[in-house]
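1. Model the following, please.
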Amino acid sequence: SLFPPSPGEPVLEPDPEILQKLFGFVQDGLWLGQLLHHPVEARFNLTRLLQKHLAILALSGAGKSYLVSVLIEELLERRLKPAVIVIDPHGEYVSFSQDPNYAGKTRVWRIEDIKLKLNPILKKAEMLFDLTPSQARVLEKLVQKELTPSELLQLIEEWEGRQETKDALLGMAERLIRLGIFGLRDQPEIREIAREGQLSVIDLSGTIDWFKKQLVVEHFASKLFSARREGLIPPFLLVIEEAHQFVPEGTKRKEALAKGILQTIAREGRKFSASLCLVSQRPKRLDTTILSQCNTNIILRITNPYDIKHIAESAEGITSDVQEQIAGLPVGHALVIGEAVNQPVFIKVRKRKSRESEKGRTLEESLREWEERKRQKVEDAKAFM
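-> Numbers count the residues shown, from 1 in each chain. Below is the predicted model:
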């Protein structure tokens, strides 16, 4: 009816089936939580949620990584399972490998164990290492086979040519050696990473070298997309934590090496069932083009008005009233908007089943652990005396 109800008229709870149809929930969908104020499970169609990419946005501590963990649980427990690859700058998802229920479905590659084939990197040397076109041509002539950085250094040292060019190439080779991530072949191979029903965590927490992290993400994202286009690996979901650092707005390519390939996946990935999930606490710093390609946004609490405005500009349906509600959301509550739902909907994220990461512990817990370690050292010293 278009007329308001009269005073005293009975108010009825809507039928759960009506609410499911209203918002587009499906019985066999990904169970991420519950519809706010109603006993209806928020189950999202896999294709609608992921095929045209997903962005999970919130300030620090609002529940982004918790929600991503819930999503991963759902994907690993389905009958038809995609490969799930997580770029993990802080080691937050390593806990899946320590959980008895998920350890058999999880593989972790730490930055210390990763090796990249050198020669493909050398083809991009002009952009990566600020070589001049003439220096890049000399490098191309020198590299006639698969090399390690040490072998490349020896080749350059033996080369007789302009000293200025030689010095530039020697500086590049020495930097490659210091990075310590290059070999004659990739480790792990791309088919080890992208396996049906497997969670692969690329743990980058062991380094603070941002250039090294960028190289690793660019390399594996390129390999994944190429292999998927050729049908060599199953459909996959690539989760990018701290996405604003890998696809920043208005940054030169050499300062954001992975940006180009991630933009390509955002534009073309849906044709090949190569899906992206961008996770960020600073939406304002995210590249507008790639954010607009994420046809579903799950937004937890955000209070920065510039971040909220940036999201509203890249997603339809975020009115001024909705923007105010986003700023006041409790931890674990989220707005889902876009392709995955028939209309915007607020949900409460369900309790996760997997073991929580120790990286997310509170300050009080860390202080208690520190005190316990100090006490244990004193007792050990007394016992030794």
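2. quick one, helices of the stretch 251-385 of the chain?
-> Listed in chain order, the helices of the stretch 251-385 of the chain (DSSP state H, counting those that start in this stretch) span 259-268, 288-292, 305-314, 320-327, 363-384.
3. Looking at these, which is nearest to Asn342?
-> Proximity to Asn342, assessed across the helices of the stretch 251-385 of the chain by CB to CB, is greatest for helix 320-327 (15.7 Å). (C-beta placed from N, C-alpha, C; glycine too.)
4. In the closest one, which residues are buried?
-> Using 16 or more other CB atoms under 10 Å as the test for burial, helix 320-327 gives 322-323, 325-326.
5. quick one: the strands in the stretch 151-300 of the chain?
-> 182-183, 199-203, 236-240, 274-280, 296-299 (DSSP state E, counting those that start in this stretch).
6. from the middle of its chain, how far away would the shortest one be?
-> Going back to what we said before, that points to strand 182-183. Put simply, strand 182-183 sits 24 Å off its chain's centre (CA atoms, centre = their mean, to the nearest Å).
7. now do the third one
-> Centroid separation between strand 236-240 and its chain, computed with CA atoms, centre = their mean, is 6 Å.
8. Output it as CSV, restricted to C-alpha atoms.
-> C-alpha atoms of strand 236-240 as CSV (Å, rounded to 0.1, in the frame of the first residue of the first chain):
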residue,chain,number,x,y,z
PHE,A,236,40.6,-18.8,-8.7
LEU,A,237,40.0,-16.1,-6.2
LEU,A,238,43.0,-13.8,-5.5
VAL,A,239,42.7,-12.0,-2.2
ILE,A,240,44.9,-8.8,-1.9
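9. Tell me which other helices or strands it touches.
-> helix 64-76, strand 83-88, helix 210-229, strand 274-280 (3 or more CB pairs under 8 Å, 6 or more residues apart in numbering; DSSP states H and E).
10. TSV for the buried residues of helix 320-327, including distance to Ile337 and pLDDT?
-> Converted to TSV, those look like this (distance: CB to CB, whole Å; pLDDT from 0 to 100):
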residue	distance to Ile337	pLDDT
Val322	8	82
Gln323	12	83
Gln325	12	86
Ile326	10	88
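11. Tell me the one of those nearest Val349?
-> Using CB to CB, Ile326 comes nearest to Val349 of the buried residues of helix 320-327, at 14.9 Å.
12. before we move on, the earlier item: tell me which of the strands of the stretch 151-300 of the chain sits nearest to Arg78.
-> Arg78 lies closest, by CB to CB, to one member of the strands of the stretch 151-300 of the chain: strand 236-240, at 11.8 Å.
13. Relative to that closest one, what are the paired strands and their orientations?
-> strand 83-88 (parallel), strand 274-280 (parallel) (DSSP bridges).
14. what residues does that strand touch?
-> 50, 68, 72, 75, 82-87, 194, 217, 221, 224, 228, 246-247, 262, 265, 273-279 (CB atoms under 8 Å, 6 or more residues apart in numbering).
15. if we can go back for a sec, reformat the strands of the stretch 151-300 of the chain as JSON lines; add distance to Glu151 and mean neighbour count.
-> Conversion of these to JSON lines gives the following (distance: least, CB to CB, whole Å; neighbours: other CB atoms under 10 Å):
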{"stretch": "strand 182-183", "distance to Glu151": "10", "mean neighbour count": "18"}
{"stretch": "strand 199-203", "distance to Glu151": "27", "mean neighbour count": "24"}
{"stretch": "strand 236-240", "distance to Glu151": "32", "mean neighbour count": "26"}
{"stretch": "strand 274-280", "distance to Glu151": "34", "mean neighbour count": "25"}
{"stretch": "strand 296-299", "distance to Glu151": "47", "mean neighbour count": "26"}
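16. on that earlier part again, check the contacts of strand 236-240 for burial and list the buried ones.
-> For the contacts of strand 236-240, buried by 16+ other CB under 10 Å: 50, 68, 72, 75, 82-87, 194, 217, 221, 224, 228, 246-247, 262, 265, 274-279.
17. mind listing the helices in the stretch 51-200 of the chain by residue range?
-> Under DSSP H, counting those that start in this stretch, the stretch 51-200 of the chain gives helices at 64-76, 118-122, 125-128, 133-142, 149-158, 163-179, 190-193.
18. Surely Asn304 is in contact with Ala58?
-> No - the criterion here is CB atoms under 8 Å, and Asn304 misses it with Ala58 at 10.8 Å.
19. Quick check: bridge partners of the spatially most central residue of the chain?
-> In the chain, the centroid-proximal residue (CA atoms, centre = their mean) is Ile240; its distance is 1.3 Å. Listed by DSSP bridges, the beta-bridge partners for Ile240 are Ile87, Leu278.
20. For it, give me the pLDDT.
-> For Ile240, the model assigns a pLDDT of 97.
21. Look at Thr362 and report its pLDDT.
-> 66.
22. Can you show me the strands along the stretch 1-150 of the chain?
-> Under the criterion DSSP E, counting those that start in this stretch, strands of the stretch 1-150 of the chain are mapped to 30-35, 41-44, 54-57, 83-88, 106-110, 116-117.
23. hey, which of the ones you listed is tucked in deepest?
-> Neighbour counts (mean count of other CB atoms under 10 Å) averaged over each of those peak at strand 54-57, with a mean of 27.
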